[in-house]
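1. Take this sequence and fold it.
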Amino acid sequence: MTRIRVAAPAAARKCRKRIGIARVLILAPRLVIADEPVSALDVSIQVQVLDRTRRLQRDSGTSMWFVSHDLGAVRHMSGRVAVMYGGRLVEAGMKRQIFETLRRAYTQRLLASIPRLGKRIG
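-> Residues are numbered from 1 along each chain as shown. Presented below is the predicted three-dimensional model:
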């Protein structure tokens, strides 16, 4: 018999995140505040969770306040975006406006920090 070892804490964390999101969305609330819902998950799991969350959100008509430092996830999930710096709102607008027509230097630096395929680091 062959045994396969699974990193229990990592597997449990992934499962807990998915279950937590599902438990909230199954109640079909009018508003969900999601604070870093996909942090500490691998990218492939993040995409699955974000896609499922977005589908459930759309199907139930739930609004979501998506709080994250991951601007790639924010871009995927949001229609409107607000950027905060030092606890203050520094820029807000529609997703396209924020991601394509930058006004604030802080927002430009945040967007420049998003990893891109083929981009060399250093």
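2. Identify the residues contacting the residue positioned nearest the centre of the chain.
-> Note on the chain: the residue nearest the mean C-alpha position is A73, at 3.6 Å, using C-alpha atoms, centre = their mean. Contact analysis of A73 by C-beta atoms under 8 Å, 6 or more residues apart in numbering lists V38, Q46, L50, F66. The C-beta positions use only the backbone N, C-alpha and C, and glycine is treated the same way.
3. excluding its backbone neighbours, what's nearest the first one?
-> Taking C-beta to C-beta, 6 or more residues apart in numbering, and ignoring the residues beside it in sequence, V38 has Q46 as its nearest neighbour in space, at 4.3 Å.
4. my guess is the one you found meets E36, correct?
-> No. Checked against C-beta atoms under 8 Å, the pair Q46 and E36 is beyond contact range at 11.1 Å.
5. what touches both of those two?
-> Contact criterion C-beta under 8 Å, 6+ apart; residues bridging Q46 and E36 by contacting each: D70.
6. More neighbours: those two, which one.
-> Q46 (20 against 13; other C-beta atoms under 10 Å).
7. What helices and strands are in contact with the helix or strand where the more buried one lies?
-> For Q46, the enclosing helix or strand under DSSP states H and E is helix 43-60. Contacts defined by 3 or more C-beta pairs under 8 Å, 6 or more residues apart in numbering; DSSP states H and E place helix 43-60 against helix 8-25, strand 63-67, helix 71-77.
8. out of those, deepest packed?
-> helix 71-77 (a mean of 19; mean count of other C-beta atoms under 10 Å).
9. So for that one, mean pLDDT?
-> Helix 71-77 shows a mean pLDDT of 87.
10. what about it, distance to the chain center?
-> In terms of C-alpha atoms, centre = their mean, to the nearest Å, the centre of helix 71-77 is set 5 Å apart from its chain centre.
11. Quick one: name whatever helix or strand follows it.
-> strand 80-85.
12. From the chain's centroid, how far away is that next one?
-> Using C-alpha atoms, centre = their mean, the offset of strand 80-85 from its chain centre is 13 Å.
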